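Engineer: I'll drop the sequence and a predicted model, then ask my questions.
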Protein chains: 2
Amino acid sequence: MRFRNKPWAGEKIRQYPQYVISEPETHKGKWHEVFGNANPLHIEVGTGKGRFITGMAAANPDINYLGVELHMGVLASALDRLIEAELPNVKLLNVNAAELLSYFAKNDISRLYLNFSDPWPKTRHEKRRLTYKSFLDLYEQILIDGGEIHFKTDNQGLFEYSLVSFSEYGMLLKNVSLDLHNSGFEGNIMTEYEEKFSGKGNRIYRCEVQYQS
Amino acid sequence: MRFRNKPWAGEKIRQYPQYVISEPETHKGKWHEVFGNANPLHIEVGTGKGRFITGMAAANPDINYLGVELHMGVLASALDRLIEAELPNVKLLNVNAAELLSYFAKNDISRLYLNFSDPWPKTRHEKRRLTYKSFLDLYEQILIDGGEIHFKTDNQGLFEYSLVSFSEYGMLLKNVSLDLHNSGFEGNIMTEYEEKFSGKGNRIYRCEVQYQS
């Protein structure tokens, strides 16, 4: 994804604190207060323009959703979508995935989505991949016991790498699809990226993995 | 693979006891005697017409190979190939994979190959798939500790199923390729089936999995 410079994005984000959480560290361990209910919280790390997280929130009103996105310009597009959708169960967070521990405590999150994460194909950038072991360790510290990661990508190399990384971490693999759009999977909500690249004939790979205690 | 009736196959097999092992149960726990050396033994379960096992034996003279094939007519074709190749380190076994425990003891085998196994796509036939948990349990009882299965197939459903089955069994996944012929993998020896179906544009999936103690 290209990140255009949007100097107005920061100002706009500050105008909608009901959608983009400010001072997220104050909610650590008590995110249910933010949503005003005790429903499970699912987060998407790298939420981009927010089509997936908004679609999931619309389809699942009994689950709370939080889209985490580092890039303010992209987040501003996601914010536009949230303003339009007027859903009570989805919010955004403008933070770096590597710092999730500052904002979430163990058991805060029931499920974590990774969609079309940056593949960082060069070996020397392995540690930046969101399925690298240090990220898997980080996610485990904020998820419930037996929590799951649901992962999809069109990047073959990243999917191959991630299957091995999940296995090395001792996670349980479930529901693998090597061609999601031609599988029997129901209820898939496409990201902007997914629609564009599957339309060009790219296969979409998907799996679910569960932490084992 | 189609199995043509070859009434002469049994007679031919009996004529070449140096290639097709007779009374294999007598070698249980002492297969090194059959090969006359202490080299590691690798087996292919479902060896078909023997192109893979013969190619591997030619490329790796310090490893002993045993091709296991239930269907006598197919095995006769593999035998023709062995007679032609005149290699000291490859032999055949005309037995059912489900009965391997009758012929092998723990530590007899260092590595097991599964190539283009029958996918048995119907759910009610799951137990027949050579990556079903009962087979993984059986292989573990005849492999060395930390032994590996090297698996390739062009069947997407079987590969998806097998990744999950390996994970559920607690095996460690290594070296996944979702498009073997367009990967950097070196030294791939194609089976007859692989050459035919990859030529038609089918992707070849491959992975290695290791038993963990």
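Structural biologist: That came through, no problem.
Engineer: what residues does chain A put near chain B?
Structural biologist: For chain A, the residues in contact with chain B (C-beta under 8 Å from any C-beta of the partner chain) are A:156, A:159-160, A:163-164, A:166-168, A:171-179, A:205. The C-beta positions use only the backbone N, C-alpha and C, and glycine is treated the same way.
Engineer: Going through those, which ones are buried?
Structural biologist: A:156, A:159-160, A:163-164, A:166-167, A:171-173, A:176-178, A:205 (16 or more other C-beta atoms under 10 Å in any protein chain shown).
Engineer: Kindly reformat these as TSV containing distance to A:Ile83.
Structural biologist: Below are these laid out as TSV (distance: C-beta to C-beta, whole Å):
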residue	distance to A:Ile83
A:Gln156	36
A:Phe159	34
A:Glu160	39
A:Leu163	38
A:Val164	41
A:Phe166	36
A:Ser167	41
A:Met171	37
A:Leu172	39
A:Leu173	38
A:Val176	37
A:Ser177	33
A:Leu178	37
A:Tyr205	32
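Engineer: Just the ones in helices from these, please.
Structural biologist: With DSSP state H as the criterion, helices contain A:156, A:159-160, A:163-164, A:166-167 from among those.
Engineer: from these, which single one is nearest A:Trp31?
Structural biologist: A:Phe166 (25.5 Å; C-beta to C-beta).
Engineer: which parts of stretch A:39-53 are buried?
Structural biologist: A:39, A:41-53.
Engineer: Show the end-to-end separation of that stretch, please.
Structural biologist: One end of stretch A:39-53 to the other measures 16 Å (C-alpha to C-alpha, to the nearest Å).
Engineer: Show me how far that stretch is from its chain's centre.
Structural biologist: Centre-to-centre, stretch A:39-53 and its host chain are 5 Å apart (C-alpha atoms, centre = their mean, to the nearest Å).
Engineer: Isn't A:Phe52 up against A:Thr191?
Structural biologist: Yes. The pair A:Phe52 and A:Thr191 qualifies as a contact (C-beta atoms under 8 Å) at a distance of 4.6 Å.
Engineer: Common neighbours of the two, please.
Structural biologist: A:Asn115 (C-beta atoms under 8 Å, 6 or more residues apart in numbering or on different chains).
Engineer: Name the residue closest to the centre of chain A, please.
Structural biologist: The centroid of chain A falls nearest to A:Glu44 when counting by C-alpha atoms, centre = their mean (1.7 Å).
Engineer: so it is in which element?
Structural biologist: Using DSSP states H and E, A:Glu44 falls within strand A:41-45.
Engineer: Tell me where the model's unsure across chain A.
Structural biologist: A:1-5 (pLDDT under 70).
Engineer: Which residue is the nearest non-sequential neighbour of A:Phe104?
Structural biologist: Nearest residue to A:Phe104, sequence neighbours excluded (C-beta to C-beta, 6 or more residues apart in numbering or on different chains): A:Ile142, at 3.9 Å.
Engineer: That neighbour and A:Leu100, how far apart?
Structural biologist: Applying C-beta to C-beta, to the nearest Å, the value for A:Ile142 to A:Leu100 is 6 Å.
Engineer: cool, and A:Gln18?
Structural biologist: In terms of C-beta to C-beta, A:Gln18 sits 22 Å off from A:Leu100.
Engineer: Out of these two, name the residue with the larger neighbour count.
Structural biologist: A:Leu100 (22 against 11; other C-beta atoms under 10 Å in any protein chain shown).
Engineer: that's a strand at that one, yeah?
Structural biologist: No. Per DSSP: H, G, I helix; E, B strand; the rest coil, A:Leu100 lies outside any strand segment and is helix.
Engineer: Now the phi/psi pair for the residue nearest to A:Leu70 when sequence neighbours are not counted, please.
Structural biologist: Excluding its sequence neighbours, the residue lying closest to A:Leu70 (C-beta to C-beta, 6+ apart) is A:Asn96, at 5.2 Å. The phi/psi pair for A:Asn96 (degrees, to the nearest 10) reads phi -90, psi 130.
Engineer: Okay then, goodbye and thanks.
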